[in-house]
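Novice: Quick one: sequence plus predicted model below, questions after.
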Amino acid sequence: MKCLRPSGFSRFKTGIFSSSAKCLTEQKADWPLPQTLQTKKKLTGQTSTMNATRQRVQLIPKGFSRFLNKATPQFNWEPEHLKEIRRHLDRVTTGEISRLLIFAPPRHGKSEQTTIHYPAYRLLTDQREKVIVAAYNRELASQFSRQTRRIVSRFGFKFAGDSNKQYEWQSIYGGGLTAVGVGSGVTGKGASLLLIDDPVKSRAEAESPAYRNRVLDWWRSDLLTRLHPGAAVVIIMTRWVATDLAGQLLEEQKEGGTQWTVLSLPAIAEDNDPLGRPAGGALWPERYGEADFERIKKAIGSYAFSALYQQRPSPRSGGFFRADWLPIVTGSDALGVACRAYDTAATPGGGDYTAGVRIVRYGDRYRITHVTRGQWSPAQRRTIQRQTAEIDGLQTVIHLAQDPGAAGVDQVQHDQANLAGFATVTARPTGSKEVRAMPFAAACEAGLVELERGDWNRAFVDELCSFPTGQHDDQVDAAADAFNYLSRSNAPVWYA
């Protein structure tokens with residue numbers, strides 16, 4: 001039987017995609033068209049290869065839940081939070097939901113189910129489906145893509161001949177998957193299903209207004225323009241800050257913008273829990289119990305825990321530190337690793353302050369033993385730095401922050417020459433002041449930090465409690481630099 005070529009482009013397209021497309025039979029296509037395009041006439045006279053492949057098609061269970069257990073039976077798909085996510089994804093499949101936001105804590109199976117297996121299920125159900133999977137970078141999105149590809153290949157998915165890229169592959173029926181990262185261009189690509197999985201990689205990115213605007217522009221200018229009519233969008237993420245992508249979309253919704261269905265799954269149950277858990281119950285107790293979350297909260301602090309684990313990010317408003325987190329002790333200097341870090345200024349008698357904060361680490365605890373602070377000229381500052389180093393002794397490492405540019409290099413070189421004979425380290429600050437202060441704040445909240453009694457205590461505590469909205473932050477910056485240096489596992493061990 002020969003394939004008849006219709007005359008005219010319109011008839012040619014109709015011939016290819018109609019149920020009477022005899023070319024497919026001549027080519028011995030070993031994957032039947034999606035069910036909506038099949039007819040009794042097409043299913044007659046198929047080759048043995050096509051029959052064998054059709055048997056594999058029949059192994060794809062109906063329903064996403066059954067498919068998961070067939071595709072990856074070794075994974076536990078039965079936790080209640082995963083079931084609730086599936087119930088929402090089923091409503092996406094049927095078209096009942098077109099815009100879905102899912103918030104869940106880290107390491108709770110959200111990506112495995114939603115970003116890897118759900119597109120596999122949709123593509124095996126209809127190989128004309130066009131899926132875009134997006135993440136904070138292409139590398140992560142491509143990892144998702146590779147895992148999805150491995151799943152569909154086990155069910156006889158018919159790849160197009162040129163589909164050898166890990167981040168982009170198609171079926172012979174025109175559908176397929178494209179993986180992109182934040183800022184990646186998607187020109188020429190379309191999507192009937194768009195999945196965005198955690199567009200933020202780190203706290204530094206989350207706290208950066210420039211990065212948040214970049215993500216929002218990418219969403220508006222690139223991704224939204226790629227959606228087919230009736231396309232579905234699923235954004236699944238861990239919350240970071242109130243103004244992350246999800247937060248901005250929900251603000252637009254309040255102003256009459258696109259309406260989203262929201263499924264928020266806190267790690268520890270609160271009032272009106274979507275799963276009906278009693279208050280205080282863990283989301284996946286077989287994996288992370290309440291005691292585990294208490295340890296995590298102690299390690300990262302309540303601000304980060306509220307966002308990352310409870311999905312309740314709140315704006316910073318002088319809430320980094322509390323006075324009752326900073327006990328004042330009387331006694332001799334603790335023995336341990338010592339560092340004094342400086343945050344410098346250069347305006348005598350006004351403007352910003354220069355601050356030098358000395359911290360001693362002993363075991364897993366930290367004692368702030370002294371703070372020097374003043375509005376000095378560069379010459380005055382170097383004199384005081386040298387005098388302070390003599391008092392601190394050779395065992396105290398001196399941490400110098402290097403400002404960007406040639407001026408910063410020149411200043412650090414002068415400071416190191418002034419402090420010749422003492423151990424100095426230099427570092428260029430990265431990330432915002434808030435990001436750099438978060439580990440120190442978490443340690444204070446966990447009760448790991450204490451202050452040695454001194455006349456500097458009041459000004460130090462007042463500045464910490466007003467950070468980041470207070471007038472000055474020099475003592476916070478210096479304390480955070482000293483703490484971050486000492487908390488590194490590879491910090492040199494000199495004993496004070």
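Specialist: Received it, and whenever you're ready, just let me know what you need.
Novice: In which helix or strand does residue 443 reside?
Specialist: helix 433-445 (DSSP states H and E).
Novice: What is that helix packed up against?
Specialist: Applying 3 or more Cβ pairs under 8 Å, 6 or more residues apart in numbering; DSSP states H and E, one finds that helix 433-445 contacts helix 203-206, helix 290-300, helix 302-308, helix 474-487. Just so you know, the C-beta spots here come from the backbone N, C-alpha and C atoms, and that holds for glycine as well.
Novice: highest average neighbour count across those?
Specialist: Each of the helices and strands packed on helix 433-445 was scored by mean neighbour count; the highest is helix 474-487, a mean of 23, by mean count of other Cβ atoms under 10 Å.
Novice: element containing the closest residue to residue 216 other than its chain neighbours?
Specialist: What sits nearest to residue 216 in space, not counting adjacent residues and going by Cβ to Cβ, 6 or more residues apart in numbering, is residue 248, at 5.7 Å. Using DSSP H and E, residue 248 sits in helix 245-254.
Novice: Direction included, what does the very next helix or strand once past that helix pair against?
Specialist: Under the assignment DSSP H and E, the closest C-terminal helix or strand after helix 245-254 is strand 261-264. As defined by DSSP bridges, the strand partners of strand 261-264 come to strand 99-103 (parallel).
Novice: now the angle between helix 245-254 and the strand it pairs with, please.
Specialist: 130 degrees (axes from the mean of the first three to the mean of the last three Cα atoms, to 10 degrees).
Novice: next one: whichever helix or strand comes after the helix holding residue 443 to chain centre, how far?
Specialist: As assigned by DSSP H and E, the chain's next helix or strand after helix 433-445 is strand 449-452. Distance of strand 449-452 from the chain centroid (Cα atoms, centre = their mean, to the nearest Å) equals 33 Å.
Novice: likewise stretch 430-442?
Specialist: 17 Å.
Novice: For it, report the contacting residues that lie outside it.
Specialist: Applying Cβ atoms under 8 Å, 6 or more residues apart in numbering, the external contacts of stretch 430-442 come out as 203-204, 207-208, 298-301, 303-304, 316, 320-321, 429, 449, 467-468, 473, 476-477, 479-481, 483-484, 487.
Novice: strands paired with the helix or strand encompassing residue 196, and their directions?
Specialist: Secondary structure from DSSP H and E places residue 196 in strand 191-197. Here strand 191-197 is paired, per DSSP bridges, with strand 130-135 (parallel), strand 227-237 (parallel).
Novice: who touches that strand?
Specialist: So strand 191-197 is in contact with 111, 114-115, 118-119, 122, 129-135, 140-141, 144, 178, 219, 223, 226-228, 230-237, 245, going by Cβ under 8 Å, 6+ apart.
Novice: how does the protein divide into domains?
Specialist: 9-57, 75-308, 323-487 (automatic domain parsing).
Novice: need those domains in a markdown table with mean pLDDT, can you?
Specialist: Below are these laid out as a markdown table (pLDDT from 0 to 100):
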| stretch | mean pLDDT |
| --- | --- |
| domain 9-57 | 39 |
| domain 75-308 | 93 |
| domain 323-487 | 91 |
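Novice: Let's have these in TSV, adding distance to residue 66.
Specialist: Shown next, in TSV, are the domains of the chain (distance: least, Cβ to Cβ, whole Å):
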stretch	distance to residue 66
domain 9-57	15
domain 75-308	10
domain 323-487	43
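Novice: From the chain's centroid, how far away is stretch 442-454?
Specialist: Worked out by Cα atoms, centre = their mean, stretch 442-454 lies 29 Å from the chain centre.
Novice: just stretch 155-166 next, same as before
Specialist: Distance, stretch centre to chain centre, for stretch 155-166: 30 Å (Cα atoms, centre = their mean).
Novice: Quick check: buried residues in it?
Specialist: Buried residues in stretch 155-166, counted by 16 or more other Cβ atoms under 10 Å: 155, 156, 157, 158, 159, 163.
Novice: which one among those residues gets closest to residue 278?
Specialist: residue 155 (40.4 Å; Cβ to Cβ).
Novice: mind checking the backbone torsions on that closest one?
Specialist: phi -110, psi 20 (degrees, to the nearest 10).
Novice: Looks like it contacts residue 117 (just checking).
Specialist: No: with contact defined as Cβ atoms under 8 Å, residue 155 does not reach residue 117; the gap is 11.9 Å.
Novice: what is in contact with the two at once?
Specialist: In contact with both residue 155 and residue 117: residue 71, using Cβ under 8 Å, 6+ apart.
Novice: What is the longest helix of this structure by residue count?
Specialist: helix 138-154 (DSSP state H).
Novice: returning to that earlier point: can I get the buried residues of stretch 155-166 in a markdown table with distance to residue 416?
Specialist: Shown next, in a markdown table, are the buried residues of stretch 155-166 (distance: Cβ to Cβ, whole Å):
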| residue | distance to residue 416 |
| --- | --- |
| 155 | 64 |
| 156 | 66 |
| 157 | 62 |
| 158 | 65 |
| 159 | 60 |
| 163 | 57 |
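Novice: For residue 82, state which of the residues you listed is nearest.
Specialist: Among the buried residues of stretch 155-166, and counting by Cβ to Cβ, the member closest to residue 82 is residue 155, at 21.2 Å.
Novice: one step back: which ones among the buried residues of stretch 155-166 are found in strands?
Specialist: With DSSP state E as the criterion, strands contain none of those.
Novice: Now flag whichever of these is closest to residue 188.
Specialist: Distances from residue 188 to those, taken by Cβ to Cβ, are shortest for residue 163, at 15.8 Å.
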